[in-house]
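A.B. asks: Quick one, structure for this:
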Amino acid sequence: MVDMIECSGSFFRDLNRRYGYRIVAELKDWIKLDKKRASLCNRRIFLLECRRNKLTPRHISQNIKCLNEVVMDINCPIMKKADKLLNKFKRSVINIEIEATIWQLTRIQRRLVDIKYNSRKSLPPDVFADFELRSYNNYDKLFRKIRKSNVKKIEELKRKQKVTHIDGSVVDEFLFNYTSLEIPIDVAHTLSMGPNFGINELKHEFSIPRVLKDFEYCIRGITSSDDIKNTLRAQATNIITNHYRNPKNFRGDYMVKNFKETRRFLEDNPDILVMRSDKGNSTVIMYRDEYVDSMYSLLSDVTMYRVLNKDPTLTVQSFANCLLDKLHT
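C.D. replies: All right, here's what the predicted structure looks like:
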(Lines give C-alpha, C1' and ligand atoms only; values in the text may rest on other atoms or scores of the structure.)
Protein backbone atom coordinates (compact mmCIF):
# COMPACT_ATOMS: atom_id res chain seq x y z
CA MET A 1 0.00 0.00 0.00
CA VAL A 2 1.34 3.42 -0.89
CA ASP A 3 1.72 5.63 2.14
CA MET A 4 -0.88 8.34 2.56
CA ILE A 5 1.76 10.93 3.39
CA GLU A 6 3.56 10.25 0.12
CA CYS A 7 0.36 10.70 -1.85
CA SER A 8 0.28 14.33 -0.81
CA GLY A 9 -1.20 15.58 -4.08
CA SER A 10 -4.47 13.66 -4.35
CA PHE A 11 -4.91 13.26 -0.60
CA PHE A 12 -4.51 16.92 0.24
CA ARG A 13 -6.53 18.05 -2.76
CA ASP A 14 -9.42 15.94 -1.49
CA LEU A 15 -9.05 17.37 2.03
CA ASN A 16 -8.84 20.89 0.64
CA ARG A 17 -12.08 20.38 -1.26
CA ARG A 18 -13.92 18.86 1.73
CA TYR A 19 -12.55 20.81 4.71
CA GLY A 20 -10.74 23.87 3.39
CA TYR A 21 -7.15 24.99 2.85
CA ARG A 22 -6.53 25.87 6.50
CA ILE A 23 -6.80 22.30 7.74
CA VAL A 24 -4.61 21.15 4.84
CA ALA A 25 -1.95 23.71 5.79
CA GLU A 26 -1.99 22.49 9.40
CA LEU A 27 -1.69 18.84 8.37
CA LYS A 28 1.28 19.68 6.16
CA ASP A 29 2.85 21.51 9.10
CA TRP A 30 2.20 18.39 11.18
CA ILE A 31 4.25 16.31 8.70
CA LYS A 32 7.10 18.83 8.60
CA LEU A 33 7.21 19.17 12.37
CA ASP A 34 7.23 15.39 12.82
CA LYS A 35 10.32 15.20 10.59
CA LYS A 36 12.03 17.92 12.61
CA ARG A 37 10.99 16.22 15.87
CA ALA A 38 12.51 12.89 14.78
CA SER A 39 15.75 14.66 13.90
CA LEU A 40 15.88 16.73 17.10
CA CYS A 41 15.04 13.76 19.38
CA ASN A 42 17.91 11.79 17.89
CA ARG A 43 20.19 14.81 18.03
CA ARG A 44 19.48 15.19 21.74
CA ILE A 45 20.16 11.49 22.37
CA PHE A 46 23.36 11.67 20.32
CA LEU A 47 24.69 14.70 22.20
CA LEU A 48 23.77 13.21 25.58
CA GLU A 49 25.57 9.99 24.70
CA CYS A 50 28.63 11.99 23.62
CA ARG A 51 28.64 13.84 26.92
CA ARG A 52 28.05 10.69 28.97
CA ASN A 53 30.87 8.82 27.21
CA LYS A 54 33.13 11.92 27.19
CA LEU A 55 33.21 11.97 23.38
CA THR A 56 33.62 15.01 21.16
CA PRO A 57 31.30 15.12 18.10
CA ARG A 58 33.08 15.53 14.81
CA HIS A 59 31.59 18.95 14.02
CA ILE A 60 33.03 20.33 17.28
CA SER A 61 36.46 18.74 16.93
CA GLN A 62 36.77 19.97 13.33
CA ASN A 63 35.97 23.56 14.31
CA ILE A 64 38.62 23.67 17.04
CA LYS A 65 41.21 21.72 15.07
CA CYS A 66 43.31 24.83 14.59
CA LEU A 67 43.56 25.23 18.38
CA ASN A 68 44.70 21.65 18.80
CA GLU A 69 47.46 22.12 16.24
CA VAL A 70 48.87 25.09 18.19
CA VAL A 71 49.72 22.95 21.24
CA MET A 72 50.25 19.62 19.47
CA ASP A 73 53.95 19.60 20.24
CA ILE A 74 54.50 17.49 23.35
CA ASN A 75 57.28 19.85 24.43
CA CYS A 76 54.93 22.83 24.48
CA PRO A 77 55.12 24.28 28.03
CA ILE A 78 51.40 25.12 28.11
CA MET A 79 50.21 21.82 26.66
CA LYS A 80 48.51 20.56 29.83
CA LYS A 81 46.87 23.91 30.52
CA ALA A 82 45.64 24.23 26.94
CA ASP A 83 44.38 20.64 26.87
CA LYS A 84 42.40 21.19 30.08
CA LEU A 85 40.94 24.42 28.71
CA LEU A 86 39.97 22.79 25.40
CA ASN A 87 38.25 19.88 27.14
CA LYS A 88 36.25 22.29 29.27
CA PHE A 89 35.35 24.29 26.17
CA LYS A 90 34.17 21.14 24.37
CA ARG A 91 31.92 20.20 27.28
CA SER A 92 30.49 23.72 27.36
CA VAL A 93 29.72 23.63 23.64
CA ILE A 94 27.99 20.26 23.98
CA ASN A 95 25.92 21.58 26.91
CA ILE A 96 24.85 24.63 24.89
CA GLU A 97 23.88 22.44 21.93
CA ILE A 98 21.86 20.14 24.23
CA GLU A 99 20.06 23.11 25.73
CA ALA A 100 19.30 24.60 22.30
CA THR A 101 18.07 21.23 21.02
CA ILE A 102 15.77 20.77 24.01
CA TRP A 103 14.38 24.28 23.51
CA GLN A 104 13.65 23.61 19.83
CA LEU A 105 12.12 20.23 20.62
CA THR A 106 9.86 21.68 23.33
CA ARG A 107 8.64 24.39 20.98
CA ILE A 108 7.85 21.85 18.23
CA GLN A 109 6.03 19.54 20.65
CA ARG A 110 3.83 22.39 21.86
CA ARG A 111 3.03 23.36 18.28
CA LEU A 112 2.15 19.75 17.46
CA VAL A 113 -0.23 19.59 20.43
CA ASP A 114 -2.05 22.68 19.10
CA ILE A 115 -2.21 21.27 15.56
CA LYS A 116 -3.59 17.94 16.76
CA TYR A 117 -6.18 19.70 18.89
CA ASN A 118 -7.39 21.88 15.97
CA SER A 119 -7.32 18.97 13.52
CA ARG A 120 -9.33 16.77 15.87
CA LYS A 121 -12.05 19.43 15.99
CA SER A 122 -12.10 19.97 12.21
CA LEU A 123 -11.85 16.40 10.89
CA PRO A 124 -14.12 13.38 11.32
CA PRO A 125 -12.78 10.98 13.96
CA ASP A 126 -11.98 8.22 11.44
CA VAL A 127 -10.07 10.57 9.11
CA PHE A 128 -8.14 12.11 12.00
CA ALA A 129 -7.29 8.72 13.55
CA ASP A 130 -6.12 7.36 10.19
CA PHE A 131 -3.91 10.37 9.51
CA GLU A 132 -2.51 10.31 13.07
CA LEU A 133 -1.64 6.62 12.82
CA ARG A 134 0.07 6.98 9.46
CA SER A 135 1.97 10.09 10.53
CA TYR A 136 3.17 8.24 13.63
CA ASN A 137 4.34 5.31 11.51
CA ASN A 138 6.28 7.70 9.27
CA TYR A 139 7.78 9.42 12.31
CA ASP A 140 8.79 6.09 13.85
CA LYS A 141 10.36 4.93 10.58
CA LEU A 142 12.39 8.14 10.22
CA PHE A 143 13.34 8.12 13.92
CA ARG A 144 14.72 4.57 13.68
CA LYS A 145 16.64 5.41 10.52
CA ILE A 146 18.34 8.43 12.10
CA ARG A 147 18.99 6.53 15.33
CA LYS A 148 20.71 3.71 13.43
CA SER A 149 22.97 6.25 11.75
CA ASN A 150 23.77 7.97 15.05
CA VAL A 151 24.62 4.67 16.74
CA LYS A 152 27.24 4.09 14.04
CA LYS A 153 28.60 7.59 14.64
CA ILE A 154 28.91 6.92 18.37
CA GLU A 155 30.74 3.64 17.79
CA GLU A 156 33.07 5.35 15.33
CA LEU A 157 33.83 8.12 17.83
CA LYS A 158 34.56 5.51 20.52
CA ARG A 159 37.05 3.81 18.23
CA LYS A 160 38.80 7.02 17.22
CA GLN A 161 38.80 8.75 20.60
CA LYS A 162 40.44 6.80 23.38
CA VAL A 163 38.02 7.39 26.24
CA THR A 164 39.39 6.85 29.74
CA HIS A 165 36.72 6.16 32.35
CA ILE A 166 37.58 7.65 35.70
CA ASP A 167 35.62 7.44 38.94
CA GLY A 168 32.43 8.49 37.17
CA SER A 169 32.15 5.23 35.18
CA VAL A 170 29.91 3.65 37.82
CA VAL A 171 27.85 6.85 37.99
CA ASP A 172 27.30 6.83 34.21
CA GLU A 173 25.86 3.33 34.48
CA PHE A 174 23.15 4.26 36.98
CA LEU A 175 22.53 7.97 36.28
CA PHE A 176 21.11 9.34 33.03
CA ASN A 177 21.15 13.11 32.65
CA TYR A 178 18.80 14.36 29.90
CA THR A 179 19.33 18.04 30.67
CA SER A 180 22.00 20.54 29.67
CA LEU A 181 23.15 20.91 33.28
CA GLU A 182 26.61 19.76 34.29
CA ILE A 183 26.00 17.56 37.34
CA PRO A 184 28.77 17.86 39.99
CA ILE A 185 30.49 14.54 40.62
CA ASP A 186 29.46 14.43 44.32
CA VAL A 187 25.83 15.10 43.38
CA ALA A 188 26.00 12.49 40.63
CA HIS A 189 27.33 9.88 43.07
CA THR A 190 24.47 10.53 45.48
CA LEU A 191 21.74 10.47 42.84
CA SER A 192 23.09 7.27 41.30
CA MET A 193 22.75 5.36 44.59
CA GLY A 194 19.98 2.79 44.81
CA PRO A 195 17.36 2.28 47.53
CA ASN A 196 19.70 0.04 49.55
CA PHE A 197 21.92 2.97 50.51
CA GLY A 198 21.21 4.91 53.69
CA ILE A 199 22.33 8.32 54.92
CA ASN A 200 23.30 8.87 58.56
CA GLU A 201 21.05 11.51 60.07
CA LEU A 202 22.31 14.37 62.18
CA LYS A 203 20.76 15.00 65.58
CA HIS A 204 18.69 18.01 64.50
CA GLU A 205 17.33 15.96 61.58
CA PHE A 206 16.56 12.84 63.60
CA SER A 207 12.80 12.30 64.00
CA ILE A 208 11.91 10.06 66.94
CA PRO A 209 8.17 9.81 66.08
CA ARG A 210 9.01 8.64 62.56
CA VAL A 211 11.45 5.99 63.85
CA LEU A 212 8.92 4.76 66.42
CA LYS A 213 6.20 4.61 63.77
CA ASP A 214 8.39 2.54 61.42
CA PHE A 215 9.52 0.28 64.26
CA GLU A 216 5.93 -0.33 65.43
CA TYR A 217 4.94 -1.17 61.85
CA CYS A 218 7.67 -3.83 61.79
CA ILE A 219 6.67 -5.18 65.21
CA ARG A 220 3.08 -5.73 64.09
CA GLY A 221 4.30 -8.02 61.33
CA ILE A 222 5.99 -10.39 63.78
CA THR A 223 4.02 -13.50 64.77
CA SER A 224 5.33 -13.67 68.36
CA SER A 225 3.88 -13.30 71.83
CA ASP A 226 3.20 -9.90 73.39
CA ASP A 227 6.03 -10.45 75.88
CA ILE A 228 8.59 -10.79 73.08
CA LYS A 229 7.18 -7.73 71.31
CA ASN A 230 7.36 -5.68 74.50
CA THR A 231 10.96 -6.81 75.04
CA LEU A 232 11.84 -5.65 71.52
CA ARG A 233 10.11 -2.32 72.17
CA ALA A 234 12.15 -1.83 75.34
CA GLN A 235 15.41 -2.63 73.55
CA ALA A 236 14.53 -0.28 70.69
CA THR A 237 13.65 2.50 73.15
CA ASN A 238 17.03 2.10 74.84
CA ILE A 239 18.91 2.21 71.50
CA ILE A 240 17.01 5.28 70.28
CA THR A 241 17.52 7.10 73.59
CA ASN A 242 21.27 6.41 73.62
CA HIS A 243 21.60 7.52 70.02
CA TYR A 244 19.72 10.74 70.66
CA ARG A 245 21.58 11.63 73.87
CA ASN A 246 25.02 10.60 72.62
CA PRO A 247 24.92 11.01 68.85
CA LYS A 248 27.94 10.08 66.76
CA ASN A 249 29.60 12.82 64.78
CA PHE A 250 28.64 12.18 61.17
CA ARG A 251 29.64 15.62 59.89
CA GLY A 252 32.81 14.20 58.41
CA ASP A 253 30.93 11.38 56.67
CA TYR A 254 31.34 11.87 52.93
CA MET A 255 27.81 10.52 52.26
CA VAL A 256 26.29 13.14 54.59
CA LYS A 257 28.38 15.82 52.89
CA ASN A 258 27.33 14.66 49.42
CA PHE A 259 23.71 14.45 50.51
CA LYS A 260 23.75 18.08 51.67
CA GLU A 261 25.44 19.12 48.44
CA THR A 262 22.80 17.24 46.44
CA ARG A 263 19.93 18.82 48.35
CA ARG A 264 21.44 22.27 47.78
CA PHE A 265 21.87 21.53 44.06
CA LEU A 266 18.24 20.44 43.68
CA GLU A 267 17.00 23.51 45.54
CA ASP A 268 19.04 25.73 43.19
CA ASN A 269 17.59 23.96 40.14
CA PRO A 270 13.82 23.65 40.67
CA ASP A 271 13.24 23.24 36.91
CA ILE A 272 14.54 19.65 36.88
CA LEU A 273 13.01 16.35 38.00
CA VAL A 274 14.84 13.36 39.49
CA MET A 275 13.00 10.07 38.99
CA ARG A 276 13.58 6.35 39.08
CA SER A 277 13.65 4.71 35.67
CA ASP A 278 10.89 2.29 34.68
CA LYS A 279 13.40 -0.48 34.03
CA GLY A 280 16.66 -1.07 35.82
CA ASN A 281 17.94 0.31 39.08
CA SER A 282 18.92 3.71 37.67
CA THR A 283 18.06 7.40 38.10
CA VAL A 284 16.84 9.78 35.40
CA ILE A 285 17.24 13.57 35.43
CA MET A 286 15.17 15.66 33.02
CA TYR A 287 13.56 19.07 32.72
CA ARG A 288 10.19 19.48 34.45
CA ASP A 289 8.62 21.36 31.51
CA GLU A 290 9.79 18.72 29.05
CA TYR A 291 8.31 15.95 31.20
CA VAL A 292 4.97 17.79 31.53
CA ASP A 293 4.83 18.52 27.79
CA SER A 294 5.55 14.87 27.00
CA MET A 295 2.78 13.75 29.34
CA TYR A 296 0.31 16.19 27.77
CA SER A 297 1.36 14.99 24.32
CA LEU A 298 0.67 11.38 25.32
CA LEU A 299 -2.64 12.20 26.99
CA SER A 300 -3.83 14.17 23.95
CA ASP A 301 -3.99 10.91 21.98
CA VAL A 302 -7.74 10.18 22.06
CA THR A 303 -7.18 6.74 20.57
CA MET A 304 -5.42 5.69 23.80
CA TYR A 305 -6.90 7.95 26.49
CA ARG A 306 -10.21 9.65 27.21
CA VAL A 307 -11.37 12.11 29.87
CA LEU A 308 -13.47 10.62 32.67
CA ASN A 309 -16.17 12.62 34.40
CA LYS A 310 -15.49 10.96 37.75
CA ASP A 311 -13.12 8.55 39.45
CA PRO A 312 -14.20 4.99 38.52
CA THR A 313 -12.25 3.33 41.35
CA LEU A 314 -15.25 2.82 43.66
CA THR A 315 -17.41 1.51 40.81
CA VAL A 316 -14.77 -1.00 39.73
CA GLN A 317 -14.15 -1.98 43.34
CA SER A 318 -17.85 -2.60 43.99
CA PHE A 319 -18.13 -4.64 40.80
CA ALA A 320 -15.11 -6.73 41.78
CA ASN A 321 -16.52 -7.31 45.27
CA CYS A 322 -19.81 -8.48 43.79
CA LEU A 323 -17.99 -10.96 41.57
CA LEU A 324 -16.02 -12.26 44.54
CA ASP A 325 -19.18 -12.64 46.59
CA LYS A 326 -20.79 -14.66 43.80
CA LEU A 327 -17.71 -16.88 43.50
CA HIS A 328 -17.61 -17.35 47.26
CA THR A 329 -21.25 -18.38 47.46
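A.B. asks: what residues go with each domain of the chain?
C.D. replies: Domain ranges of the chain: 1-164, 207-245, per automatic domain parsing.
A.B. asks: Looking at the first one now, give me its mean pLDDT.
C.D. replies: Averaging pLDDT along domain 1-164 yields 80.
A.B. asks: now the shortest one
C.D. replies: Mean pLDDT, domain 207-245: 84.
A.B. asks: tell me which residues in it are buried?
C.D. replies: Across domain 207-245, burial judged by 16 or more other CB atoms under 10 Å covers 211, 215, 236. Backbone N, C-alpha and C define where each C-beta goes, glycine included.
A.B. asks: Tabulate these (TSV), appending secondary structure and distance to Asn258.
C.D. replies: Shown next, in TSV, are the buried residues of domain 207-245 (DSSP: H, G, I helix; E, B strand; the rest coil; distance: CB to CB, whole Å):
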residue	secondary structure	distance to Asn258
Val211	helix	23
Phe215	helix	27
Ala236	helix	29
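A.B. asks: which one of those residues sits closest to Ser297?
C.D. replies: For the buried residues of domain 207-245, the residue nearest Ser297 by CB to CB is Val211; the value is 43.0 Å.
A.B. asks: Grab the nearest non-local neighbour of that closest one.
C.D. replies: Closest residue to Val211 apart from its sequence neighbours, by CB to CB, 6 or more residues apart in numbering: Ile240 at 6.1 Å.
A.B. asks: Return the residues in contact with that neighbour.
C.D. replies: By CB atoms under 8 Å, 6 or more residues apart in numbering, the residues touching Ile240 are 208, 211-212.
A.B. asks: Can you tell me the SS state at it?
C.D. replies: Secondary structure, DSSP: H, G, I helix; E, B strand; the rest coil: Ile240 is helix.
A.B. asks: That one and Thr190: what is the separation?
C.D. replies: Distance, Ile240 to Thr190, by CB to CB, to the nearest Å: 26 Å.
A.B. asks: Would you map the helices across the stretch 1-150 of the chain?
C.D. replies: 8-19, 21-52, 58-63, 65-70, 79-122, 125-160 (DSSP state H, counting those that start in this stretch).
A.B. asks: just those: most buried one?
C.D. replies: helix 21-52 (a mean of 18; mean count of other CB atoms under 10 Å).
A.B. asks: That helix to helix 8-19, inter-axis angle?
C.D. replies: Helix 21-52 runs at 130 degrees relative to helix 8-19, counting by axes from the mean of the first three to the mean of the last three CA atoms, to 10 degrees.
A.B. asks: Show residues contacting stretch 154-162.
C.D. replies: For stretch 154-162, the surrounding residues in contact (CB under 8 Å, 6+ apart) are 46, 49-50, 53, 55-58.
A.B. asks: What of stretch 276-291?
C.D. replies: 102, 105-106, 173-179, 181, 183, 191-192, 194-195, 270-275.
A.B. asks: can you give me the end-to-end distance of that stretch?
C.D. replies: In stretch 276-291, first residue to last residue: 13 Å (CA to CA, to the nearest Å).
A.B. asks: Which residues belonging to it are considered buried?
C.D. replies: 283-287, 290.
A.B. asks: Looking at that stretch now, give me its mean pLDDT.
C.D. replies: Here the average pLDDT along stretch 276-291 is 82.
A.B. asks: Return the distance of it from the chain's centre.
C.D. replies: 3 Å (CA atoms, centre = their mean, to the nearest Å).
A.B. asks: quick revisit: tell me the one among the contacts of Ile240 nearest to Leu27.
C.D. replies: Nearest member of these to Leu27, counting by CB to CB, is Val211, at 60.3 Å.
A.B. asks: From Thr101, how far out is that closest one?
C.D. replies: According to CB to CB, Val211 stands 46 Å off from Thr101.
A.B. asks: now swap in Tyr305 and tell me
C.D. replies: Counting by CB to CB, the gap from Tyr305 to Thr101 is 28 Å.
A.B. asks: What of Tyr244?
C.D. replies: 51 Å.
A.B. asks: Return the closest of the buried residues of stretch 276-291 with respect to Asp325.
C.D. replies: Using CB to CB, those come closest to Asp325 at Val284, 43.3 Å.
A.B. asks: pretty sure that closest one belongs to a strand, no?
C.D. replies: Yes: judged by three-state DSSP, Val284 forms part of a strand.
A.B. asks: Tell me the confidence at Thr190?
C.D. replies: For Thr190, the model assigns a pLDDT of 83.
A.B. asks: you'd agree it is up against Phe259?
C.D. replies: Yes: Thr190 is within contact range of Phe259, at 5.8 Å (criterion: CB atoms under 8 Å).
A.B. asks: Just want to know which of those two has more residues nearby.
C.D. replies: Thr190 (23 against 18; other CB atoms under 10 Å).
A.B. asks: got the contact list for stretch 133-152?
C.D. replies: Contacts of stretch 133-152 (CB under 8 Å, 6+ apart): 3-5, 30-31, 34-35, 37-39, 41-42, 45-46, 303.
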